[in-house]
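Novice: Everything below, folded, please.
(one chain, ligands or ions: 1)
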Amino acid sequence: QSQELSQAQIDYHAALQTLLEDGTRMVCTGRMHTDRICRFESLCYSTEAEEFIYFHSNSSVMLPNLGSRRFQPALLDLSSVEDHNTQYFNFVELPAAALKFMPKPVFVPDVALIANRFNPDNLMHVFHDDLLPIYYTMQQFTDLDPETRLFFMEGWSEGVHFDLYKLLSNKQPLLREQLKTLGRLLCFTKSYVGLSKITTWYQYGFVQPQGPKANILVSGNEIRQFTKFMMQKLNVSLEESSSEEYIVVFSRTINRLILNEAELILALAQEFQMKTITVSLEEHSFSDIVRLISNASMLVSMHGAQLVMSLFLPRGATVVELFPYAINPEHYTPYKTLATLPGMDLQYIAWQNTARENTITYPDRPWDQGGIAHLDKAEQERIIKSTEVPRHLCCRNPEWLFRAYQDTKVDIPSLIHVIRQTVKSKPGTKKKWSGSLYPGKVRDARCQASVQGTSEAKLSVSWQVPWNLKYLKVREVKYEVWIQEQGENTYMPYILSHQNHTFSENIKPFTIYLVWIRCIFNKNLLGPFADVLLCST
Ligand code: UDP
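Specialist: You can find the predicted model right below:
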C-alpha cells in the first residue's frame, strides 16, 4: 500500500482550470447533521489552517444550503458517534478567485472517504465506531470502491490497531499529520465526508447513562457479512467441518484480571468436557485470535473491549461476560447488545462477582486506572463502602473507574451455575440460519353480515393466505383480526388459525365495523395489516 498520491493520473492544468471555473460542488444525504454524509467535488484542505475550504464560483453547488444553520452546531458528524462536539465537520468559504493568492493546490486523485476515528486504541471503539461504519459507508456509495483512499482527520497517530483499518481498502489510509507532507493546499477531486451510523448499536453515555441505542437498525446478517470480509482480508478461512469443539477464555494481562485463571480453565474444561484455551491481545496475533474465536463454542472474558471479538463467533456459540464487584451487568451492555442482536444467534450470559473478599482494588493507582487517592477522604470512604456503582455519564466517573479496574477471583461454582442455567448440555455452534422472513398482507379479504332480529348480528370474515407463503417453509401460520366499530377508539382482537371466522360476540345489527387482518409466522413474525375492510351489519 503506497502512501504517495499518484500525480500521473491527473492533468494538472486541466484540474486547476476546473477548480477555478467550477469551484466546489457538494450534495449531501440526510436531514440533520447527525445523519448527513456529503459528496464533494473539489473540496480543498489547507494543511496550515487545518481547515476544509469550499470555493465559490459560477458553477458551485451547496446542498443543503443551510446559511448560518451550518454552524448550529455543524454541517455533519465526522465520526459515527452521534452529535459529539469534538467530532464536527465544517468548511470555510472562499471565492475561487482567491486561489490566485494561495499556495499551488496539490490534487488528490483517489476517491476519498474523509472521517474521524473515535478512539483507535480501544478495540470495541475500533470495530463499533470505525470499521463497521466505514465498511458500510463504502457499501452505500458505489464510488467508494476498493481503491478508495481513507483520510482520518481526528488527529491521532496510527494507533495499535492500524493494520485493521488498512484492510478496508487497497490504498494506505492517511492521517491528518501526514497531509502536511503532501502540500499546503490539498484538493480532493472526489470525496465523501462523514460515516453511516446505521450499524452502530451502543451509545456511550455522553448525555444519558450508556446503553443500547434507541433505534437499532443492524442485524447479525450484516455483522457477519462484514466479519466474512475481514476474515478474507486476514486470510482466515472458515473451517466448516472443524473436528474438535472448544472454549476460548479471552484474558487481559495488564488490568481487570482474572486472578484464578488456571483454575477457571480447568473447571470449564471439566464441566463441559471440552478443550479450553486462553488468548490475549498481548500474546496472540489478531489473525490467530480471529481464527480461534470463529470456531469456538464458548467465549469467556472479563467485561472489556476485547469482548467485541464475539463479532467473529459462529452462530449458536455462547458469550460469558464476567463483571467485577459492584458493577451491575445491566448497566454496561455493549457486548450483551451485540450478542443479542436479531440474527446474531449467540447465547449471552453475564456473571458478576458479588463477594467482596474476591475482589482486589487499586485505590492508589493514577485516576485513569481507577485510583481514588485524589478524592477527598469522605468520598473515598463512600466509594469503598458502596456495593454498586450508581448509573453515571461517560467517561471519567472515579467510582466507575475504581470498580472497573479491580481484579477478580472468580467463584467457580457460582459461575458454572449461571452458565448451566442457559447452556443445558454441550455448548453448540452448528446452528443453521433460522430465516426470519415476514408474511405479506393477507389477500382478498371479504365479509358478509347477517342480522337476527333487532339485537343480534353475525359477521363472517374470510381471506386468502399472503402471497409469499407458498414459497416458504413456515412452522406456524396464524392470523390476527381486529374488529373495530366505526367511530370507536377500541377494538376486539382475535388470534385465529383458519382463513375464515364468524364473529357473533358483541356484534350489533345496523352498525359499520372496520376489520383489520394481518398474518403472523411462528408466533412473533408480525406481517402488515391488509387494507381495512368495511363491513355493515
Ligand atoms: N487491553 C488489553 N489487555 C489489558 C487491558 C486492556 O488488551 O490487560 C486492551 C482492551 O482490550 C482495549 C484497550 O486495551 O482494546 C483499552 O482498554 P481499557 O481498559 O481502557 O478499555 P475497556 O476494555 O474497558 O473498554
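Novice: Any stretches of the stretch 201-350 of the chain with poor pLDDT?
Specialist: 240-242 (pLDDT under 70).
Novice: ok, which residues in it are in contact with the ligand?
Specialist: 252-255, 281, 304-306 (C-beta under 6 Å from any ligand atom). C-beta: built from backbone N, CA, C; applies to glycine.
Novice: now the residues you listed as a markdown table including secondary structure and neighbour count?
Specialist: Below are these laid out as a markdown table (DSSP: H, G, I helix; E, B strand; the rest coil; neighbours: other C-beta atoms under 10 Å):
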| residue | secondary structure | neighbour count |
| --- | --- | --- |
| Arg252 | coil | 18 |
| Thr253 | coil | 11 |
| Ile254 | coil | 10 |
| Asn255 | coil | 15 |
| Leu281 | coil | 19 |
| Gly304 | coil | 19 |
| Ala305 | helix | 19 |
| Gln306 | helix | 22 |
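Novice: among the residues you listed, which two are most distant?
Specialist: Within these, Thr253 and Ala305 form the most distant pair, 13.7 Å apart (C-beta to C-beta).
Novice: From the residues of the stretch 201-350 of the chain next to the ligand, pick the one nearest Asn90.
Specialist: With C-beta to C-beta as the yardstick, the closest approach to Asn90 among these comes from Ala305, at 30.7 Å.
Novice: Could you pull up the contacting residues of that closest one?
Specialist: Ala305 sits next to 122-125 when contact means C-beta atoms under 8 Å, 6 or more residues apart in numbering.
Novice: Let's see that with 6 Å instead.
Specialist: Shown in contact with Ala305 (C-beta atoms under 6 Å, 6 or more residues apart in numbering): 122-124.
Novice: Can you add neighbour count, pLDDT and distance to the ligand and give the residues you listed back as JSON lines?
Specialist: As requested, the contacts of Ala305 are exported to JSON lines (neighbours: other C-beta atoms under 10 Å; pLDDT from 0 to 100; distance: C-beta to the nearest ligand atom, whole Å):
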{"residue": "Asn122", "neighbour count": "18", "pLDDT": "98", "distance to the ligand": "5"}
{"residue": "Leu123", "neighbour count": "21", "pLDDT": "98", "distance to the ligand": "4"}
{"residue": "Met124", "neighbour count": "19", "pLDDT": "98", "distance to the ligand": "5"}
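Novice: gap between Tyr165 and Ala115?
Specialist: Distance of Tyr165 to Ala115, given as C-beta to C-beta, to the nearest Å: 11 Å.
Novice: should've said Ile483
Specialist: 52 Å.
Novice: Counting neighbours, go ahead and name the busier of those two.
Specialist: Using other C-beta atoms under 10 Å as the criterion, Ile483 and Ala115 rank with Ala115 on top: 27 against 22.
Novice: The more buried one pairs with what?
Specialist: Ala115 forms beta bridges with Phe152, as assigned by DSSP bridges.
Novice: Touching, it and Ser196? I think so.
Specialist: No. If you go by C-beta atoms under 6 Å, Ala115 and Ser196 don't touch, sitting 10.0 Å apart.
Novice: Point out the residues in the stretch 1-150 of the chain that sit beside the ligand.
Specialist: Residues of the stretch 1-150 of the chain lying near the ligand (C-beta under 6 Å from any ligand atom): 122-124.
Novice: Counting only helices, which of the contacts of Ala305 make the cut?
Specialist: Among the contacts of Ala305, the ones falling in helices (DSSP state H) are 123-124.
Novice: with the contacts of Ala305 in mind, which one is nearest to Tyr362?
Specialist: For these, the nearest to Tyr362 is Asn122 (19.8 Å; C-beta to C-beta).
Novice: can you give me the strands for the stretch 351-500 of the chain?
Specialist: Using DSSP state E, counting those that start in this stretch, the strands assigned to the stretch 351-500 of the chain run over residues 359-360, 407-408, 443-452, 456-464, 477-485, 492-496, 500-503.
Novice: so who does the residue nearest in space to the middle of the chain touch?
Specialist: Geometric centre of the chain, nearest residue: Thr200, 2.3 Å, by C-alpha atoms, centre = their mean. Neighbouring residues of Thr200 by C-beta under 6 Å, 6+ apart: Ser80.
Novice: So it versus the ligand, what's the distance?
Specialist: Distance of Thr200 to the ligand, given as C-beta to the nearest ligand atom, to the nearest Å: 16 Å.
Novice: now swap in Glu4 and tell me
Specialist: Applying C-beta to the nearest ligand atom, the value for Glu4 to the ligand is 31 Å.
Novice: Kindly report the same for Thr454.
Specialist: Counting by C-beta to the nearest ligand atom, the gap from Thr454 to the ligand is 72 Å.
Novice: Distance check, the residue nearest to that residue when sequence neighbours are not counted against Met231.
Specialist: Distance criterion C-beta to C-beta, 6 or more residues apart in numbering; nearest residue to Thr454, sequence neighbours excluded, is Pro509 at 6.6 Å. Computed as C-beta to C-beta, the Pro509 to Met231 distance reads 67 Å.
Novice: now do Asp163
Specialist: Noted for Asp163: a distance of 14 Å to Met231, by C-beta to C-beta.
Novice: Neighbour count for the two, which is higher?
Specialist: Met231 (19 against 13).
Novice: can I assume the more buried one sits in a strand?
Specialist: No. Counting by DSSP: H, G, I helix; E, B strand; the rest coil, Met231 is not part of a strand but helix.
Novice: Contacts only, for it.
Specialist: Listed by C-beta under 6 Å, 6+ apart, the contact set of Met231 is empty.
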